[in-house]
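**Q** give the three-dimensional model of this entry:
(2 chains)
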Protein chains: 2
Amino acid sequence: MQETRLDTARIRAARQAIDPVFLDTPLYRCEALEPGLGCAVSVKLETANPVRSFKGRGTELVASLLAGDGRNAVVCASAGNLGQALAWSGRARGLDVTVVASRSAPAAKLERIRAFGARLELVDGDFDLARERAAALARQEGIRLVEDSLDIETCEGAATIGLELADAAPTFDAVLIALGGGAMATGVGHVLKELAPGVEVICVQPLGAPAMTFSWRRRRVVTTDSTDTIADGVAGRRPIPAVLDDLLVVADDAVLVREESIIAGMRLLLEHAGLVAEPSAALGIAAILEDRDRFAGRHVVTIVCGGNVDLDAYHRWIGAAPAHRS
Amino acid sequence: MQETRLDTARIRAARQAIDPVFLDTPLYRCEALEPGLGCAVSVKLETANPVRSFKGRGTELVASLLAGDGRNAVVCASAGNLGQALAWSGRARGLDVTVVASRSAPAAKLERIRAFGARLELVDGDFDLARERAAALARQEGIRLVEDSLDIETCEGAATIGLELADAAPTFDAVLIALGGGAMATGVGHVLKELAPGVEVICVQPLGAPAMTFSWRRRRVVTTDSTDTIADGVAGRRPIPAVLDDLLVVADDAVLVREESIIAGMRLLLEHAGLVAEPSAALGIAAILEDRDRFAGRHVVTIVCGGNVDLDAYHRWIGAAPAHRS
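**A** Numbering: from 1, shown residues only, chains lettered A, B, ... in the order given. Alright, predicted model coming up:
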């Protein structure tokens, strides 16, 4: 395999720095999903932990390295899940954590960031504006900036999912990975391409936030002016060049899916797997729904990467309206 | 500790017979639940597996022993989860599985029993009537009858949850266990009393299905004429004497909770933990809600033991009405 910024030996070592509560997550066949999808489907479930997303794997690594270096403060921009995870990991190590997020991020994510003791700064704009503000704060205050997908720890933390998948790889043919900034896609992709090269690595992004997919297809950074998707966790406009370079090495494909498929995916995960998935976590199911022929008869793993939703919006999406409470 | 029918060395050995997909399930703090409950709460999550309940631990043990003995058929009565798990475990080992269940069991459970290839026989009556019918079938057909909570494999399989809890026991004070026939309560209780005797073992049953709790309190079998609870997984009327004897040794308390507390528990688990719990799996949260003073300031583990619900009923309970689909 062509080189990426990632290193499998370092990823194996990273497991030691990560609280076990984030590791060795459930991986299991969901047969009840299969009649609706026409292929064998396994779920890698990243929501059953204190921050309800996979992001703890990366923030554990970030925070343990910072604490080891004697640093005491850190700032990140976040769509909501990274901030929540960094707040959790930082608190455990006595770090002052600042999170910059969009005012329009899901209230549940913002509330948890505060509850874990982080300072939360809101911007009137999207995730990429929050990135600018976080970078400015880091310069002003002389504290460490964590940049999701650019900082290698965020990729190598996420890549530990790949190690767990590689152990089971003889049993499946393809893995569907939500694509946003690219930490999870490059991380998991790197490990699978090295340890299980027969597994197809397919990235999935919303049509309404296609910048990284367009960039992957054209093999150069393509930005967009705006995003329009309910999948808040992957709604970026400005791909990071170094991350794109890695993605070009490890991804076999990058596909775009419609909003209605994301919603249908969330509904299927609830109805047939009993799982509350946030929109980004339903991208894999959406990809199967949009291209059944491609997956027919194959065994596909989808990473259910987060479950932080505002319940009112969630019920609206899945078609269950909040009723009057007794 | 006074003796029970269970044996911790045998429980440790049982892990080898159980498909790893059912073992080492997530155990994590759910801080978002805590403001509503007034104590530290950790969840032991038994729903992220192919049958969405803890019952696979026991049926794996049953089926592997049967297959090892060259048996090829087995029958059980089930409220829905045992049958589903036995169907799964039996299919994996080439066993013919028959499940007898109440026609009023949740449709989702019955459908999965069939989908896993078992023969399903429905009775017009409750779980205890299904038990009689399963016993009659076993006699007629000369096949092995699996009796939940009476057969030691069902208890020792469930008891493997206790081994996993015991590893974390220094961090918590009490464990809340749904009480039905008693397999999980005696299994988990046995292991904790032996390996972590400082942990309080509290069984929780619905007020509408109190037979085992009454029996525990009076130290003799008490039956009831009927049950009236949405917690279908624990709705038995006729406690098994040998199971009661074990429960008397290992349980520190058995409490009864109201239906509205079970519903409030399901709602809290969805809203603050993102978990779809069936009513039986919300009994622990219900117990905290009904006796906050008892748990104030303590660290409590609740076993979320199953997630198989009919979604229409579930949405009705939690206060979100199914809306028209787009």
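**Q** tell me who's in contact with A:Ser261.
**A** A:Ala286, A:Ala287, A:Leu289, A:Glu290 (C-beta atoms under 8 Å, 6 or more residues apart in numbering or on different chains). Using the backbone N, CA and C atoms, a C-beta is placed for each residue, glycine as well.
**Q** give me the spatial nearest neighbour of it, chain neighbours excluded.
**A** A:Ala286 (3.7 Å; C-beta to C-beta, 6 or more residues apart in numbering or on different chains).
**Q** so that neighbour: helix, strand or coil?
**A** helix (DSSP: H, G, I helix; E, B strand; the rest coil).
**Q** same check, this time on A:Ser149
**A** The three-state label given to A:Ser149 by three-state DSSP is coil.
**Q** that one against A:Leu244, yeah?
**A** No - if you go by C-beta atoms under 8 Å, A:Ser149 and A:Leu244 don't touch, sitting 9.8 Å apart.
**Q** find the residues that touch each one of the two.
**A** With C-beta under 8 Å, 6+ apart as the test, A:Ser149 and A:Leu244 both reach A:Gly182.
**Q** compare neighbour counts for those two and give me the winner.
**A** Higher neighbour count among A:Ser149 and A:Leu244: A:Ser149, with 27 against 21, using other C-beta atoms under 10 Å in any protein chain shown.
**Q** any idea how far the more buried one is from A:Val301?
**A** Per C-beta to C-beta, to the nearest Å, A:Ser149 is found 21 Å from A:Val301.
**Q** please apply the same query to A:Val222.
**A** Relative to A:Val301, A:Val222 is positioned 28 Å away (C-beta to C-beta).
**Q** neighbour-wise, which of the two wins?
**A** Taking neighbours as other C-beta under 10 Å, A:Val222 and A:Val301 compare with A:Val301 leading, 25 against 18.
**Q** which strand residues bridge that one?
**A** A:Ser42, A:Val175 (DSSP bridges).
**Q** check contacts around it.
**A** The neighbours of A:Val301, taking C-beta under 8 Å, 6+ apart as the test, are A:Leu27, A:Val41, A:Ser42, A:Val43, A:Lys44, A:Leu165, A:Ala168, A:Phe172, A:Ala174, A:Val175, A:Leu176.
**Q** element containing the fifth one, please.
**A** Using DSSP states H and E, A:Lys44 sits within strand A:40-45.
**Q** from the chain's centroid, how far away is that strand?
**A** 16 Å (C-alpha atoms, centre = their mean, to the nearest Å).
**Q** by how many degrees do it and strand B:40-45 diverge?
**A** Put simply, strand A:40-45 runs at 160 degrees to strand B:40-45, going by axes from the mean of the first three to the mean of the last three C-alpha atoms, to 10 degrees.
**Q** give the next helix or strand downstream of strand A:40-45.
**A** helix A:56-68.
**Q** list the contacts of that next one.
**A** Here helix A:56-68 has contacts from A:14, A:17-19, A:21-23, A:49-50, A:74, A:82, A:85-86, A:88-90, A:92-95, A:144, A:146, A:148, A:151, A:153-158, A:160-161, A:183, using C-beta under 8 Å, 6+ apart.
**Q** in it, which residues are buried?
**A** By neighbour count on 16 or more other C-beta atoms under 10 Å in any protein chain shown, the buried set for helix A:56-68 is A:Gly56, A:Arg57, A:Gly58, A:Thr59, A:Glu60, A:Leu61, A:Val62, A:Ala63, A:Ser64, A:Leu66, A:Ala67.
**Q** and those, which is closest to chain B?
**A** Distances from chain B to the buried residues of helix A:56-68, taken as C-beta to the nearest C-beta, are shortest for A:Gly56 (10.1 Å).
**Q** filter the contacts of helix A:56-68 by proximity to chain B?
**A** The subset of those lying close to chain B, counting by C-beta under 8 Å from any C-beta of the partner chain, consists of A:Val21, A:Asn49, A:Pro50.
**Q** who in the stretch 51-200 of chain A is up against chain B?
**A** Contact residues (C-beta under 8 Å from any C-beta) of the stretch 51-200 of chain A with chain B: A:Arg52, A:Arg112, A:Ala115, A:Phe116.
**Q** now do the same contact list for A:Val21.
**A** Counting by C-beta under 8 Å, 6+ apart, A:Val21 touches A:Asn49, A:Pro50, A:Gly56, B:Pro26, B:Leu27, B:Tyr28.
**Q** could you rerun that using 7 Å?
**A** Residues near A:Val21 by C-beta atoms under 7 Å, 6 or more residues apart in numbering or on different chains: A:Asn49, A:Pro50, B:Tyr28.
**Q** you'd agree the last one is up against B:Lys44?
**A** To tie it back to what came earlier, the one meant is B:Tyr28. No - counting by C-beta atoms under 7 Å, B:Tyr28 does not reach B:Lys44; the two are 8.7 Å apart.
**Q** any stretches of chain A with poor pLDDT?
**A** A:321-326 (pLDDT under 70).
**Q** all strands for chain A, in order.
**A** Listed in chain order, the strands of chain A (DSSP state E) span A:27-29, A:40-45, A:73-78, A:96-102, A:119-123, A:144-146, A:174-178, A:200-206, A:253-257, A:299-304, A:320-322.
**Q** returning to what we had before: can you list the contacts of A:Val21 in JSON lines and add neighbour count and distance to B:Cys203?
**A** Listed next are those as JSON lines, based on neighbours: other C-beta atoms under 10 Å in any protein chain shown; distance: C-beta to C-beta, whole Å:
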{"residue": "A:Asn49", "neighbour count": "26", "distance to B:Cys203": "27"}
{"residue": "A:Pro50", "neighbour count": "22", "distance to B:Cys203": "27"}
{"residue": "B:Tyr28", "neighbour count": "21", "distance to B:Cys203": "23"}
